[in-house]
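Kindly generate the corresponding structure for this input.
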Amino acid sequence: MRQVNLRMLAALAAGALFGIGLVVSQMTSPAKVLAFLDVAGAWDPSLALVMGAALLVTIPAFRVILGQGRPLLDESFHLPVKQSLDARLLTGAALFGIGWGLAGFCPGPAVAALGSGQSDPWLFVFGLLVGGWVAGRMPSRG
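As a prediction, this is how the structure comes out:
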């Protein structure tokens with residue numbers, strides 16, 4: 001029981017830190033994201049710095065953490081095992097990119113923006129949940 005509570009607190013702390021980072025970096029602002037994606041127009045490269053900084057921390061940390069053998073609060077690491085590209089993955093990636101380019105939101109920043117008082121993040125998250133529900137009912141090939 002104590003292990004579960006500690007895991008939940010760690011997950012809450014990590015999620016809160018992630019959400020704060022998204023807000024501080026302005027990744028919850030669709031206008032900022034769309035300006036970043038507009039490489040042929042008035043491009044704003046500032047989000048590239050945010051992503052680059054995230055990679056500078058994540059890549060070495062990932063190697064150190066995976067070298068520990070097992071996580072602190074679980075029995076094993078839960079990593080993806082599939083290493084091939086298929087139509088389902090490519091279709092999902094394309095839909096993600098199209099949605100990000102049209103709405104200026106992706107799932108994490110949209111959830112973090114729910115407290116902004118604006119309706120756009122709520123509409124996006126609703127669409128995300130409906131899309132996830134529909135995708136979960138589609139037949140899987142393979």
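
Any stretches of the chain with poor pLDDT?
Along the chain, segments meeting pLDDT under 70 span 1-4, 141-142.

Please, which helix or strand holds Asp44?
Following DSSP states H and E, one finds Asp44 outside all helices and strands.

where does the closest residue to it other than its chain neighbours fall, phi/psi-wise?
Distances taken as Cβ to Cβ, 6 or more residues apart in numbering place Ala35 nearest to Asp44, at 3.8 Å, with adjacent residues excluded. Glycine gets a C-beta too; all of them are placed from N, C-alpha and C. Backbone torsions of Ala35, given as degrees, to the nearest 10, read phi -70, psi -30.

number of nearby residues for Ala35?
Using other Cβ atoms under 10 Å, Ala35 is surrounded by 18 other residues.

wait, isn't it in contact with Ala42?
Yes - between Ala35 and Ala42 there is a contact under Cβ atoms under 8 Å: 6.2 Å.

what helix or strand is the most centrally placed residue in the chain on?
Centroid-nearest residue in the chain, with Cα atoms, centre = their mean: Gly108, separated by 4.5 Å. Using DSSP H and E, Gly108 sits in helix 107-112.

What segments of this protein are helices?
Taking DSSP state H as the criterion, the chain carries its helices at 2-24, 30-37, 46-66, 87-103, 107-112, 120-136.
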